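Visitor: dropping the sequence and predicted coords here.
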Amino acid sequence: MDAPELLARLDAWCTERLPSYGTNFFPGAMRELAELGLQSLLFEGDDLVLERQVLAHETSERLARALPALAIATSVARLHGYLLAKYAQPTVRERYLEGTKRAELFGGFAMTEPHAGTDVRALRTVAVPQGNEYVLNGSKCWIGLAGVSDYQIVLAKEGHEGRDADTIALVVDMSSAGAKGNAGPALSGAVGMPNGTLEFRDVRVPAENVLTCEGFAGMMDGLNLARIEAASFSCGIIRRALELASERAACREAFGKPLSALPSIQAKLGRMWTDYRAARELTLAAAASFQEQPGGDRDLISMAKLFASDASRRHTDEAMQIYGAAGLAQQSEVWRLHNDAKVMQIFDGTSEIHETMLGRRAAKEFTGV
């Protein structure tokens, strides 16, 4: 189907079908969205079609307006598929890609560890080569779909855990002896999106399951795609917060007038609308860059993720302020959006690391130092 038809059908699905799932969307809603074609947007068979990245942004933003956690769960299939299609050996790609697109198999993107988040060189997960296999030991935490995944794409050090060790990325079948996924603690945001921990104890991984890239570089390539998606989710959150705040301001009266007549409320809504448009334009530009060049424009992608996620947190806070005490009610939509926005500032690179990376590169760009 063409883009307008897909977006129209997605909007209809969010209105007609999503309410029957709510936050209990996994895996039923995932399969319905796969039938619409969301998880397979970037593919023709086993081939990547990155020219659809802007369309993928549109679907992620619209789905995030309805339920950010479902938008995350749906988009990660494109991330896992992207890495499989670009870097996996044909036999591995054939084993996992088609099922991932149909929401029959679920993967994971395993980088973070209890002692290593942003500092990747502190990883302790190690894959030791033994003949035509690797023996994998280590653990991961805060991993999406950890407890329900069929496979995980795991970043590990090769041979030893020294800071100077080379890194590799392996596709690990979670039915392998010694591999275990566990449900993690319930998060305040992204409710309904399974997350948890991974354990690897002498897991034997065929050498053909190693991705054909330097491990960290390949995972960062995937992260660029994930960061565009995170910016897209954030745009959806801002848009929904703006809709809710505007409706509340129009119908709630204070001192004989609707809240929307108060200059202080108008200023909040005006800033929210402006930041939504700015975040959306940055994200569209980042998505377009991913279509046009391998890996996209890393600075533009970081800017989009940083600006959109920070704006989503700021403006869901403003929406709660406009709602007053009603905005503090647990399980209310504005309360949920506020918690979802916090997730956006942390995953796929914290706001602080994006500021640091951009600041370092800005200093070099404008001063040569």
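Guide: Ah, there it is. Numbering: from 1, shown residues only.
Visitor: so which residues make contact with the helix or strand that contains Glu365?
Guide: Assigned by DSSP states H and E, Glu365 belongs to helix 351-367. With contacts defined as CB atoms under 8 Å, 6 or more residues apart in numbering, helix 351-367 is touched by 118, 299, 302-303, 305-306, 309-310, 345, 369. All C-beta spots, glycine's among them, are computed from the backbone N, C-alpha and C.
Visitor: look up the closest residue to Thr187, ignoring the ones flanking it.
Guide: One thing to correct before we go on: residue 187 is Leu, not Thr. Once flanking residues are discounted, Leu187 sits nearest to Asn195: 6.6 Å by CB to CB, 6 or more residues apart in numbering.
Visitor: coming back round to it: show me just the buried residues among the contacts of helix 351-367.
Guide: 299, 302-303, 305-306, 309-310, 345 (16 or more other CB atoms under 10 Å).
Visitor: ok, Leu50 - contacts?
Guide: 42, 290-291.
Visitor: mind listing what's buried along the host helix or strand of Ser312?
Guide: In this structure, Ser312 sits in helix 298-323 according to DSSP H and E. By neighbour count on 16+ other CB under 10 Å, the buried set for helix 298-323 is 298-313, 315-316, 318-320, 322-323.
Visitor: could you do stretch 274-281 as well?
Guide: So stretch 274-281, judged by 16+ other CB under 10 Å, has buried residues 275-276, 279-280.
Visitor: one more: stretch 171-185?
Guide: 171-174, 176, 179-181, 184.
Visitor: same list, those residues, but as CSV with secondary structure and distance to Gly222 please.
Guide: Output for the buried residues of stretch 171-185, formatted as CSV (DSSP: H, G, I helix; E, B strand; the rest coil; distance: CB to CB, whole Å):
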residue, secondary structure, distance to Gly222
Val171, strand, 13
Val172, strand, 15
Asp173, strand, 19
Met174, coil, 18
Ser176, coil, 22
Ala179, strand, 20
Lys180, strand, 23
Gly181, strand, 19
Gly184, coil, 21
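Visitor: what about Val49, how many residues close to it?
Guide: 15 (other CB atoms under 10 Å).
Visitor: need the contact list for it.
Guide: 42-43.
Visitor: all the strands of the chain, residue numbers only.
Guide: 43-44, 47-48, 109-110, 126-130, 133-144, 151-158, 167-173, 179-183, 195-206, 253-254, 257-258 (DSSP state E).
Visitor: neighbouring strands for the first one, and are they parallel or not?
Guide: Paired strands of strand 43-44, with direction, are strand 47-48 (antiparallel) (DSSP bridges).
Visitor: retrieve the pLDDT associated with Pro206.
Guide: Note on Pro206: pLDDT of 98.
Visitor: now it: closest residue in space, sequence neighbours ignored.
Guide: Closest to Pro206 by CB to CB, 6+ apart is Glu133, at 5.9 Å.
Visitor: picking up where we left off before, list just the nearest of the buried ones among the contacts of helix 351-367 to Met220.
Guide: Of all the buried ones among the contacts of helix 351-367, Met220 sits closest to Ser302, with 11.6 Å by CB to CB.
Visitor: what's the burial count for Asp348?
Guide: 26.
Visitor: contact partners for it?
Guide: Applying CB under 8 Å, 6+ apart, the residues near Asp348 are 223, 226-227, 229-230, 305.
Visitor: which residue in those residues has the weakest pLDDT?
Guide: Leu223 (93).
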